[in-house]
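Visitor: Generate a structure from the sequence data that follows.
(one chain, ligands or ions: 1)
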Amino acid sequence: MAEQKTLQFHKPRLNGSIKVPGDKSISHRSIMLGAIAEGRTTVEGFLEGEDCLRTIEIFKQLGVSIERQGTNVTIDSPGIENWTTPSDELYAGNSGTTARLMLGILAGSNVSSVLTGDESLSKRPMKRVTIPLQSMGAKIVGAEDDEYLPLTVKGGELSGMTYHVPVASAQVKSAILFAGLRATGKTIVSEPAISRDHTERMFEQFGVSIETNGNTVTIEGGQTLQASSVKVPGDISSAAFFLAAAAMVENSCVEIVEVGLNPTRTGIIEVLRQMGAAIDVHEETGGRGESYGTIKVSKATLHGIEISGEIIPTLIDELPIIALLATQAEGTTIIKDAAELRVKETDRIAAVTTELKKLGASIEATPDGMIIHGPTPLKGTSMNSYGDHRLGMMAAIASLVADGEVIIEDPACIAVSYPNFFEHLTALVNNG
Ligand code: S3P
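Guide: Have a look, this model is predicted:
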């Protein structure tokens, strides 16, 4: 039987300052670009989460030398032209980012390989990536019309193309840009709303020129990456759990330092502001690299809002914790245009609705979001994580506002993105 964790707090308050682990999206990309570039790339602040460790293991199988000491990583690569064909399957575990971005990278490499994943990842849609890649000439085949892992990729020549991604997805956009880097001619990708732009920013850091114009990104094929050094800021998607906790738990004030403030990721800050949270943001750097800074949130009276449209991609991974926050806000919160939640690590609309209802929340699922009426008192119960890290952390934060015990089923999945989550939770609550 899967492990459980029981949490119970009596009138807790959260106080203190923490630095959350490195950004998951940026950590993946630092290894990917470091492995494509010939020579030595160093990474500081790497996320030691299971998803990012999968990306490292895959590149080791491709003949890239990668040494990791905690959050410091050194990559010595022979360059994408000189990778070796792996003898085993490449296992992406639970990581959608690893799987989808690797498809774009492998398509334009010199190697043939088979990409696999765990049970959850093997049910997630891949055609959104295989269709555009195949139209660039990629040789990718798999079950059910190439929709699901395992997928066999035979690297080879690609041609640039113009493609409109039907849903805003950085994974799809990035896979196409990786393929575009190796293709002949120009590749132009546009999307309905701007998704996270870490790939574009890191390409520039590695000496590749990229043109961004509104929702359209253009890359000229055949450019060579220069090995670089990457500093990974804290993950705002991890910070979001404690920011939300501070906003709804009485007498709380939490500060998160050195956290990423890339504007394609900061929708949570906007939502906290609109809901009435006392929030202070101090940016330390700006410009084309990844900006970062300090966010401080204190408890305030919150009210419901509507969250829809272009802001959705900038907070897509924060919607589970935002839904919990909305249960403590006065009035109705409407989340729309977020059908993508249904194809994340689990169906997050169904899972969040079911689990928050168990706590006594007034929440209903819609095809593309949720409607939450608040405030409602929450009572302790047993909550399922569905093996999804963000559901596990939502359940843990719920224990701070629930009356009684919250039992989290299968909390181990939290290590996917936040291995020291419970230590930080204990540290912040004990400081109260
Ligand atoms: C990610 C993009 C998002 C996000 C995921 C990480 C990335 O997914 O949900 O956790 O690193 O590119 P989509 O691209 O499917 O929106």
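
Visitor: Please make it C-alpha for all contacts and neighbour counts, starting now.
Guide: Noted.

Visitor: Okay, now the unreliable bits of the stretch 301-432 of the chain?
Guide: Counting by pLDDT under 70, the stretch 301-432 of the chain has low-confidence residues at 431-432.

Visitor: just the helices in it please.
Guide: 319-327, 348-358, 389-401, 421-430 (DSSP state H, counting those that start in this stretch).

Visitor: Would you mind giving those helices as a markdown table with mean neighbour count and distance to Gly108 added?
Guide: A markdown table is the format used below for the helices of the stretch 301-432 of the chain (neighbours: other C-alpha atoms under 10 Å; distance: least, C-alpha to C-alpha, whole Å):
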| stretch | mean neighbour count | distance to Gly108 |
| --- | --- | --- |
| helix 319-327 | 26 | 34 |
| helix 348-358 | 21 | 33 |
| helix 389-401 | 25 | 32 |
| helix 421-430 | 16 | 37 |
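
Visitor: okay, those helices in JSON lines with distance to the ligand next?
Guide: Listed next are those as JSON lines, based on distance: least, C-alpha to the nearest ligand atom, whole Å:
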{"stretch": "helix 319-327", "distance to the ligand": "10"}
{"stretch": "helix 348-358", "distance to the ligand": "11"}
{"stretch": "helix 389-401", "distance to the ligand": "10"}
{"stretch": "helix 421-430", "distance to the ligand": "17"}
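
Visitor: got those helices as TSV, with distance to Ala246 columns?
Guide: Formatted as TSV, the helices of the stretch 301-432 of the chain follow (distance: least, C-alpha to C-alpha, whole Å):
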stretch	distance to Ala246
helix 319-327	10
helix 348-358	19
helix 389-401	10
helix 421-430	10
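
Visitor: out of the ones you listed, which comes closest to Gly309?
Guide: With C-alpha to C-alpha as the measure, helix 319-327 is the member of the helices of the stretch 301-432 of the chain nearest Gly309 (13.5 Å).

Visitor: what's next to the closest one, contact-wise?
Guide: 240-241, 244-245, 248, 303-304, 332-333, 348, 352, 356, 361-363, 370, 372-376, 390-391, 394, 398 (C-alpha atoms under 8 Å, 6 or more residues apart in numbering).

Visitor: Any of those buried? List them.
Guide: Buried by 16 or more other C-alpha atoms under 10 Å: 240-241, 244-245, 248, 303-304, 332-333, 348, 352, 356, 361-363, 370, 372-376, 390-391, 394, 398, out of the contacts of helix 319-327.

Visitor: hang on, the earlier thing: can you list which of the contacts of helix 319-327 are found in strands?
Guide: Among these, DSSP state E puts Thr332, Thr333, Ser362, Ile363, Met370, Ile372, His373, Gly374 in strands.

Visitor: Setting aside sequence neighbours, what's the nearest residue to the fifth one?
Guide: Translated: Met370. Ile335 (5.2 Å; C-alpha to C-alpha, 6 or more residues apart in numbering).

Visitor: Any idea what the one you found is bridged to?
Guide: Ile307, Met370 (DSSP bridges).

Visitor: Please give me every residue in contact with it.
Guide: Ile335 touches Glu306, Ile307, Ser308, Asp368, Gly369, Met370, Ile371, counting by C-alpha under 8 Å, 6+ apart.

Visitor: Test my guess that Tyr292 contacts Thr266.
Guide: No - if you go by C-alpha atoms under 8 Å, Tyr292 and Thr266 don't touch, sitting 10.8 Å apart.

Visitor: Count the neighbours of the residue of the stretch 301-432 of the chain found nearest the ligand for me.
Guide: Taking C-alpha to the nearest ligand atom, the ligand has its nearest neighbour within the stretch 301-432 of the chain at Asp317, 5.3 Å off. Neighbours of Asp317 under the rule other C-alpha atoms under 10 Å: 20.

Visitor: would TSV of the contacts of Ile335 with distance to the ligand be doable?
Guide: Listed next are those as TSV, based on distance: C-alpha to the nearest ligand atom, whole Å:
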residue	distance to the ligand
Glu306	20
Ile307	16
Ser308	15
Asp368	14
Gly369	15
Met370	17
Ile371	21
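
Visitor: Buried ones among those?
Guide: Ile307, Gly369, Met370, Ile371.

Visitor: Just the closest of those to Asn110, please.
Guide: Gly369 (41.9 Å).

Visitor: can you tell me which residues contact the closest one?
Guide: Ile334, Ile335, Lys336, Asp337, Ala338, Ala339, Leu341, Ile349.
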